[in-house]
Structures are given as structure tokens and as C-alpha cells.
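Peer 1: Everything below, folded, please.
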Amino acid sequence: MPQTSPAKSYFCVNHKGDAYSLDFVEECAQRIKMWHFNYNPEPTKPISISTDDALASILIAAFWMAGVPFYTWPSDVKDDILNTVSKGIKPRFFLSTGKTQVPDSNLEHVLIDELPLADGKVLEPVNKDKVFGFFLTSGTTSAPKVVALKRSQVIQATKSASANKMPCSDERWLLSLPLNHVGGTALILRSLINGNGIADYRKAGIEDIGNALAEKEDITMISMVPTQLAKLYNEMPDFKPHKKFKAVLLGGGPSGDELLKKARDTGLKIVKSYGMTETCAQITAVPYEKINETAPDSSGMIMPGNEIEIRDENDTVLPAETEGLIWLRGAQVINEYVYPPEANQAFDNNGWFNTGDYGLLDEKGHLFVKMRRQDLIISGGENVNPVTVESELKKLDGVEDACVIGVKDDYWGQVVTAFVVCEPDSYKPDEWKKTLNSRIRKFEIPQAFHLIDEIPRNETGKIQRNKLKI
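Peer 2: Sure, this is the predicted structure:
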């Protein structure tokens, strides 16, 4: 594919120094738009791409320009993802920039270089209510859920983020998050809308990222999960950002107090945030101007254009400083799931969304998240569904029963921990890990196992995870 040399006009540069201009993004968008229009596949079905594609960030920007919806496959595709995608998203095509493994044999593989280049301009304004992309998210049930995000939600999220802090037009976000998560994709689209550039470091090591933040003055912000930040300090204990660096947008799970203190001591400003796929990434954030005045464990205030309430189990709105369920409503919040239909019980008749997370608001409106979804484990920024892991554990030889919980950890946020019921002679954690490696994703495999006599359950047979402690 054609490629530009580094210049002021480039939109994206990677850690190797390869740079791509907005003109190149627009050329890709024209190819996608004309092919999509002429071939005329079902317009509501997305075109799928892979996060492993070296130019995935360019393709996402191009899909946005073209007004064609997309779905991004993760690097590690398991049966649960294939099943949900086939039922809830139903893509027909797989688009790539080169030879790569197609995640589903039912998809028709298309190379963007083989698509004709439009003769003249074919791009036009796109209705802001149109869906731009489909994403998967997991809750505490065994199946992922499908979320369709609209252009209007990204536009509002960009407007909200700009009111807090964004890179200027001659600056760049450093992109290190995977693109099958909304956090990575939203960063690309917000940069495109905002007029700044991105530095795509998804395939770089943590040392390359640290050096970029310390030396490249055009890179002024990065979005990270706590595990990435902890790894940065572990491998580069003397790390300090360059003088023009603005802030780290930190989300994706609990942050250890020691990590936040280390960041402050080294002059690294942390903008803590809270969000999810259903809110087009961050929906609360610590105001940049008030970083030093805000409690370290606060996830900030609700972004403009959105509302937040804390309710009890009976949907009664609770007063400040009272812990309860976090409910959200606004321009960034979805009003329904695409799949499965039963997941839509999370929405009330007034458009409010029950996140399933627990937290409280202080008198000033700062959010303090106490528990991320009742059973969900967030380890290294990845969502781990304990029901999925438990199901695989119970298939192992000798395992009679199992329960999985997240144990607080300063490095990972939470560590996936399994409690199993089996005969002592059958207790073989090392062998189990090898077997699980071929069945579930690496970050879902328990890092610790504990042999117990019985899994605690209530009268209806539901596991009482809160009774399992290390």
C-alpha cells in the first residue's frame, strides 16, 4: 500500500517511524466506500477487520470517513466469540491490508489493495445517528453481549473529552490499547475528529513506550490500564515524562495506591476515568485542572451531556456518600443491546442504564467505584467472566466443582483465582493450566488455585463469592 514519509500532515506514525497522512486515510476510505456501495452488501452488517492488522488503526479511521460500519476481531478468537459474532453481528466480509489468517471460514476475504480507487470524490457527510461499529462486551453471564455504537456517541465523547484535556492539533495520543476494545478505537476516532494525530505503539514493547513518553515531545497523552503503568515502572524505575507531556488517562480497573503515588512522585499526571463499551469508553473523568485536588481513588465527575445516579436494589435514588448501583443516561450511553435480547433488562423505561457496578458519589459529584460489576474480574485491563472459566474448570479430569473470583493485586488490579473441589490425588494445577491454555484466553487462566471441600451457595444454588477469601 502507498505510504507517506514523515511530515507535519501525517495522521498516524508507528514506533518504527512509518507515517501515514490523512490523504492516505481518505484514499482507503474512498476504496471502502465505493466497493461497499457498488457491491451492495446488506448495509447494516459490518465489514470485519483484525486487530492484528498492522494498519488496523488506519482502517478504522477510513471506515469512519466512509460511513461504513466495522467489527474488529481480537487476536485470540475463541468459540464463545465466534458464536456471538455469528448470531449478533453477522459480518459477511473480512477486509485486510495483506495476507493474514481469517478468523471465520464463513467470511469472504477482501484485500483493500484490490479494491478500485474511486475516480473523484465519493465521500459525503454521514448521518450522525448511524452505527459506526460493533463491539463485544462481557458481563457476569456466560455469553458476551453485542453493542452497536453510533457516530453521535463518539462525537459527544470527543466534545466531552476536549472540555477536559486533549492533544492539540500538532500533538499526538500514544495508542497502546487493543482495538477490539472501545478504548483503543475511540482514541483513534476522537483524534480524527479533534484534528490531532496518533502514535500507534500497539506492537511496541513497554520500553519503547516509555522512551516515547520521555523523549518525543509531540506525544503528549496516552490511555493506559493500571497493569501497563505498573509494568512501565517495573521495567523503567527511573522513568519520567518529558516536560510537555500532559497526562495519562487511566482506566480499565482498580489502581493500587502505591502505583498512583509513584506516578505523582515522578511528575506524571493521572486522569483517572470510568467507562465501558456501553458508554463509548470514558464517561467520568478527573478534571485535568483539579488532578492534585481530587482524591486518588476518585474516578472523577460525569462528562457533559450525560447523567449519573446511585440507586439501591429497589431503584430508589440514594443520597451522596451512600454506596449503591451506578446508573447512567446520556448522549454517550446506549439504549439497547443488539444481542442477546434478554440483556436489555439493564435499561429502565426512562432510558437509564444499570451498569451493574457499585459505587458512590460524594457531595461534589465525584464518583468512587467500589466494585466493577458484581462478579466480573478485571485483570490487566481485560474483562474476565468467571462463569466462562468455571465452566472450563468443571470439564477438567477430577474437578467436581469450581468457583472463580478476582483477588485484589497492586500490579494486575485483580488476579484470577480458582477454588476447586476434588480428591487430593486429582489436584493438579500445573496440568490444568496447560489444558486451559488451549480452551480459554491467556488472561482468563487462573494464576492461583485453592483446594476446598465445598463451594458456598445460597438456597437457590447461586455461588456466594463473597464467602471465598484468601
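
Peer 1: make it CA atoms for all contacts and neighbour counts henceforth
Peer 2: OK.

Peer 1: Any idea which residue is closest to the centre of this structure?
Peer 2: Geometric centre of the chain, nearest residue: His181, 3.3 Å, by CA atoms, centre = their mean.

Peer 1: can you pull the contacts of that one?
Peer 2: By CA atoms under 8 Å, 6 or more residues apart in numbering, the contact set of His181 is Phe135, Leu136, Thr277.

Peer 1: Between those, identify the one with the most neighbours.
Peer 2: Counting neighbours by other CA atoms under 10 Å, the top entry in the contacts of His181 is Leu136, with 25 neighbours.

Peer 1: tell me which element that residue is part of?
Peer 2: If you go by DSSP states H and E, Leu136 is part of strand 131-137.

Peer 1: and the biggest helix by length in the chain, what's its mean pLDDT?
Peer 2: Criterion DSSP state H: the longest helix present in the chain is helix 22-39. For helix 22-39, mean pLDDT is 92.

Peer 1: so which helix or strand takes in the closest residue to Ser298 other than its chain neighbours?
Peer 2: Nearest residue to Ser298, sequence neighbours excluded (CA to CA, 6 or more residues apart in numbering): Phe368, at 4.9 Å. Using DSSP H and E, the element containing Phe368 is strand 367-371.

Peer 1: so what's the residue nearest to Ser298 bridging to?
Peer 2: Leu360 (DSSP bridges).

Peer 1: Which residues are in contact with it?
Peer 2: So Phe368 contacts Asp297, Ser298, Ser299, Gly300, Gly359, Leu360, Leu361, Asp362 (CA under 8 Å, 6+ apart).

Peer 1: Quick check: buried residues in stretch 222-237?
Peer 2: Ile222, Ser223, Met224, Val225, Pro226, Thr227, Gln228, Leu229, Ala230, Leu232, Tyr233 (16 or more other CA atoms under 10 Å).

Peer 1: Need the contact partners of that stretch.
Peer 2: Contacts for stretch 222-237 (CA under 8 Å, 6+ apart): 173-177, 206-207, 210, 239, 247-255, 259, 380-381, 411-413.

Peer 1: do stretch 246-256 as well
Peer 2: Residues outside stretch 246-256 that contact it (CA under 8 Å, 6+ apart) are 220-226, 268-275, 282, 297, 372, 378-382, 409-411, 413-414.

Peer 1: chain center to it: distance?
Peer 2: Here the centre of stretch 246-256 is set off from its chain's centre by 13 Å, with CA atoms, centre = their mean, to the nearest Å.

Peer 1: for stretch 292-308, same thing?
Peer 2: Counting by CA atoms, centre = their mean, stretch 292-308 is centred 19 Å from the centre of its parent chain.

Peer 1: for stretch 269-287, same thing?
Peer 2: For stretch 269-287, the distance to the chain centre is 11 Å (CA atoms, centre = their mean).

Peer 1: Now that stretch: buried residues?
Peer 2: Buried-residue list, stretch 269-287, by 16+ other CA under 10 Å: 269-287.
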